[in-house]
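**Q** Here you go, sequence then predicted model.
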Amino acid sequence: MDKKPFLPNLIKEMRVKSWIKNLFVFFPVVFSLELFQTEVFIKACLLTLSFCLVSSAVYILNDINDVDKDRKHEVKKNRPIAAGIISMPAAWVTCIICVALGLGLSIYVSLTAFIYVASYVVINIFYSKWLKTVAVIDCFCIAAGFVLRVLAGGTIVSGGVSNWMFLTIVALSLFMAFGKRRGELQSYGTGDTRVVLEDYEINFLNGAVFMCAALAMVFYSLWSINQKSELVYTVPIVLFIMSRYLLLVFKGHSDADPTTLILSDKILLIVCFLCGLVMIGLLYGTSLF
């Protein structure tokens, strides 16, 4: 049994490393050219923290519901709840506190932002209880989480979320969701640990991953040209990132979990960082220098 103190195990259970996903909130802020406006930046940080808290609550809820299945899994059995390090009452209390704090922060930002964050919680409750066992719907639920983050970020900027940004995020989110299912199917096959995998077929997932990857690239290309013509020079960089990500998915790295996959590959991590710098430079270069 893990001998680490309670707090490190609680942090592990909250999947703090996965908080990087909540940076999707900043997408509309960056591309609206309002990143360096103090009020907007503070609200974006509060919304990001709000999603960090509620997403941790969702992870805890999933682990509570799946505790018996996780104990049969070669990796998930080491999670604090499955391993018995964090008790059920402690897990429930933490889950409720995270949801309350997250929703509180979002309503402080705006009522519309609160609606998006609350929608994220509701969708994931249904996902945890039932929808994660229904093929395709489960991936759309995962994708909805990313889309809601972006839509919430759009509530604090003047232009909101453009049509091309919305379509790009939808396609990109589905690409990551179907890629994750493909990685799980490749690594574990069907079984009790992920019942929905019994309804998936590897050729279908291959097609879905490539389809969503292609759509994401097309939508991003159109979005970048529509946003600012100079952004077209980021298209080859994004294409490299998508190609590298696809390679890692098909090689079975980290069950294709987006956060783990990106953080575990130095090349992908560095190129993503450089891509972000190039985008900010092209968008804000004339105003910063």
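**A** Everything's here; your move. Numbering: from 1, shown residues only.
**Q** Only C-alpha atoms from now on, for both contacts and neighbour counts.
**A** Will do.
**Q** where are the low-confidence patches of the chain?
**A** Applying pLDDT under 70 to the chain flags residues 1-4, 73-75, 189-193, 253-256, 286-289.
**Q** Quick one: distance of the longest helix that it contains to the chain centre.
**A** Criterion DSSP state H: the longest helix present in the chain is helix 38-65. Using C-alpha atoms, centre = their mean, to the nearest Å, the mean C-alpha position of helix 38-65 is found 11 Å from that of the whole chain.
**Q** For stretch 115-131, which outside residues touch it?
**A** 50-51, 54-55, 58, 61-62, 65, 103, 106, 137-138, 141, 144-145, 148-149, 151-152 (C-alpha atoms under 8 Å, 6 or more residues apart in numbering).
**Q** ok, now stretch 249-262?
**A** Contacts with stretch 249-262, where a contact means C-alpha under 8 Å, 6+ apart, come from 17-18, 20-21, 176, 179-184, 186-187, 245, 248, 268-269.
**Q** If we use 6 Å, what do you get?
**A** Stretch 249-262 is contacted by residues Ser18, Lys180, Gly183, Glu184, Leu269 when judged by C-alpha atoms under 6 Å, 6 or more residues apart in numbering.
**Q** quick one, domains of the protein?
**A** Domain ranges of the chain: 20-130, 162-283, per automatic domain parsing.
**Q** Let me have the ones you listed in CSV, extended by distance to Leu10.
**A** Shown next, in CSV, are these (distance: least, C-alpha to C-alpha, whole Å):
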stretch, distance to Leu10
domain 20-130, 7
domain 162-283, 19
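**Q** any chance of the ones you listed in TSV, with mean neighbour count too?
**A** As requested, the domains of the chain are exported to TSV (neighbours: other C-alpha atoms under 10 Å):
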stretch	mean neighbour count
domain 20-130	19
domain 162-283	18
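**Q** which residues in this protein form strands?
**A** Counting by DSSP state E, the chain forms no strands at all.
**Q** Helices of that one, start to end?
**A** 6-13, 26-31, 38-65, 67-70, 88-109, 111-129, 137-154, 163-188, 202-227, 235-250, 258-264, 266-288.
**Q** want to throw these into a markdown table with distance to Val195?
**A** Shown next, in a markdown table, are those (distance: least, C-alpha to C-alpha, whole Å):
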| stretch | distance to Val195 |
| --- | --- |
| helix 6-13 | 22 |
| helix 26-31 | 34 |
| helix 38-65 | 13 |
| helix 67-70 | 10 |
| helix 88-109 | 23 |
| helix 111-129 | 12 |
| helix 137-154 | 11 |
| helix 163-188 | 11 |
| helix 202-227 | 15 |
| helix 235-250 | 21 |
| helix 258-264 | 21 |
| helix 266-288 | 31 |
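**Q** any idea how far the closest residue to Val58 other than its chain neighbours lies from Val99?
**A** Excluding the flanking residues, the one nearest Val58 by C-alpha to C-alpha, 6 or more residues apart in numbering is Asn124, at 6.6 Å. Look at Asn124 and Val99: by C-alpha to C-alpha, to the nearest Å, they are 12 Å apart.
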